[in-house]
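A.B. asks: structure of the sequence below:
(one chain, ligands or ions: 1)
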Amino acid sequence: MTQEPYAFFRVVQGYLERAAKAVDLPNDVSVMLSEPKTELIVHFPVRMDDGRLQMFTGYRIQHNNLLGPYKGGIRYHPDVNLDEVKALAALMTWKCALMDIPFGGAKGAVHCDPKALSETERMRLTRRFTHALVGSIGPDHDIPAPDIGTGPQEMAWILDTYMNAVDAKQKNAQLAVVTGKPVACGGSQGRVKATGQGVVYCLGEWSHDHKMDFGDCRAIVQGFGNVGAHAALILDALGTRIVAVNDHSGSIHNDQGLNTEALVRHVQQTGGVAGFAESETISRDQFFSTPADFFIPAALENQICEHEAKLLNVKVVAEGANGPTSPAGESILEQRGIDVIPDLLANAGGVTVSYYEWLQNRRMERWTLQEVDAKLHTIMARTYHRVRDLANERNVPKRVAAYGLALRNLSDCYAARGIFP
Ligand code: NAD
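C.D. replies: You can find the predicted model right below:
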């Protein structure tokens, strides 16, 4: 199960140390990045609907900005803690460096249960949190985006609050302060589905290498929020049967393939996958044991531990979530010959289209969905090939190869610029 203590930031550092050896680089960069540049913790009051004032705690961790402005999502979840936000911020540094996107790494979070808040409470919380961050974020400095528990609506509130906090004449220059906005207020076509779409582009390359066709494949998906649901919808449309789904409410199964569009409507109405009519309820263990070709974890970190890794009956894990596989889980997957497309590659579609949104905002352009998807497809396929080729050349897992490529990018930049002073 998931009880093992999980020092997420330490886990990410461990991958770096292994990657530095794999690509023959001195450990200097991983030493330099062993702590984030800035850790901001804010406490702020929010007026609740019943008139009470409640204090909330928020975080913004700015890990590194060597390659460009800090970039990373904002998570609303009752279990967030500093170590988790630090790890997620570091992952963003490595992800942007791997994808060769000119951004650094950051992450934010508010310790809250968004499901227990009304829409007006979420709006007041988001605006007040943004107010606390105004001096620390900005289109050229640090650019938030959605993560667990936040979406386009929260991004629109962040944008509006930020725009109203700056000089009135500068308002319209601030559009790029946040990405993942609704298209109506400067968002990009294709951003909402981008992370799930990127997962599927990676699986497409993997399947091509393994001479498999989406039409003959089965998939299981953990998490049916933004990432999980979009990955499932896209795969379903390509002919892959989505045979089991697990989320915070339970696990469901249908051997003929779940109707993913109907499941999206069910989740919108009830809040979770449990009780979906065209399915049978199964246990969490049965979910992990369901035979399939692909497993897409798209919920929280530390979900595939030793126990789950022994249960899995799939050919490849494509990490939609950040950090879903623990090191213990990973070594069992390695022993069992289950391939892993690591998070910093598999879920990079989100930050990639966030970058496209930022570019459109800065250039005052609007790109079509076809343009966005075509660019995303090209960069995902190219990066998948670079990771796969290095993994084969050095005989290391794809995760180590992905960190190795990211490390080379940062290391080359540090080598050229030197370390101040
Ligand atoms: P979301 O809030 O839209 O969905 C989260 C899902 O996780 C929900 O279906 C929820 O039921 C499920 N979940 C929560 N607790 C669970 C538990 N204990 N067991 C099983 N399922 C549980 O969030 P999201 O944006 O889809 O993010 C999911 C993951 O993808 C996170 O790790 C996030 O960091 C990562 N990610 C998201 C994006 C993005 O663009 N949204 C980009 C890159 C990576």
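A.B. asks: the residue in the chain that the ligand sits nearest to: neighbour count?
C.D. replies: Distance from the ligand to each residue of the chain (CB to the nearest ligand atom) is smallest for G225, at 1.9 Å. (Glycine included, C-beta is placed from N, CA and C.) G225 has 18 neighbouring residues, counting by other CB atoms under 10 Å.
A.B. asks: how about the residues of the stretch 201-350 of the chain near the ligand?
C.D. replies: 222-228, 246-248, 272, 298-300, 320-322, 347, 350 (CB under 6 Å from any ligand atom).
A.B. asks: ditto for the stretch 1-150 of the chain
C.D. replies: 146-149.
A.B. asks: the lengthiest helix in the chain close to the ligand?
C.D. replies: Counting residues, the longest helix in the chain under DSSP state H turns out to be helix 369-394. No: contact of helix 369-394 with the ligand (CB under 6 Å from any ligand atom) is absent, the minimum separation being 12.5 Å.
A.B. asks: check which element follows that helix along the chain.
C.D. replies: Downstream of helix 369-394, the next assigned helix or strand under DSSP states H and E is helix 398-417.
A.B. asks: what helices or strands is that following helix leaning on?
C.D. replies: helix 8-22, helix 28-32, helix 82-99, strand 339-341, helix 343-346, helix 369-394 (3 or more CB pairs under 8 Å, 6 or more residues apart in numbering; DSSP states H and E).
A.B. asks: which strands or helices does the shortest one pack on?
C.D. replies: So the one you mean is strand 339-341. Here strand 339-341 touches helix 194-209, strand 316-318, helix 398-417, going by 3+ CB pairs under 8 Å, 6+ apart.
A.B. asks: so what touches that strand?
C.D. replies: By CB atoms under 8 Å, 6 or more residues apart in numbering, the residues outside strand 339-341 that reach it are 202-203, 206, 315-319, 325, 330, 333, 384, 397-399.
A.B. asks: just the closest of those residues to S34, please.
C.D. replies: Using CB to CB, R399 comes nearest to S34 of these, at 18.8 Å.
A.B. asks: neighbouring contacts of the worst-scoring helix or strand of the chain on mean pLDDT?
C.D. replies: Using mean pLDDT, DSSP states H and E, helix 28-32 stands out as the lowest-scoring helix or strand of the chain, at a mean of 81. Identification of contacts with helix 28-32 by CB under 8 Å, 6+ apart yields 13, 16-17, 20, 407, 410-411, 414, 419.
A.B. asks: and the closest residue to I101 other than its chain neighbours, which of the three is it?
C.D. replies: Using CB to CB, 6 or more residues apart in numbering and skipping residues adjacent in sequence, the residue nearest I101 is Y355, 4.8 Å away. Put simply, Y355 is helix when judged by DSSP: H, G, I helix; E, B strand; the rest coil.
A.B. asks: wait, what's in contact with Y355?
C.D. replies: The neighbourhood of Y355, defined by CB under 8 Å, 6+ apart, consists of 71, 101-103, 179.
A.B. asks: filter those to the buried ones?
C.D. replies: With burial judged by 16 or more other CB atoms under 10 Å, the buried subset of those is 71, 101, 103, 179.
A.B. asks: pipe those into TSV and attach secondary structure and pLDDT per row.
C.D. replies: Converted to TSV, those look like this (DSSP: H, G, I helix; E, B strand; the rest coil; pLDDT from 0 to 100):
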residue	secondary structure	pLDDT
K71	strand	98
I101	coil	98
F103	coil	98
T179	coil	98
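A.B. asks: mind putting the residues of the stretch 1-150 of the chain next to the ligand in a markdown table, pLDDT included?
C.D. replies: Listed next are those as a markdown table, based on pLDDT from 0 to 100:
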| residue | pLDDT |
| --- | --- |
| P146 | 96 |
| D147 | 96 |
| I148 | 95 |
| G149 | 96 |
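A.B. asks: turn those residues into a markdown table, including distance to R388 and secondary structure.
C.D. replies: Output for these, formatted as a markdown table (distance: CB to CB, whole Å; DSSP: H, G, I helix; E, B strand; the rest coil):
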| residue | distance to R388 | secondary structure |
| --- | --- | --- |
| P146 | 29 | strand |
| D147 | 27 | coil |
| I148 | 29 | coil |
| G149 | 33 | coil |
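A.B. asks: many thanks, have a good one.
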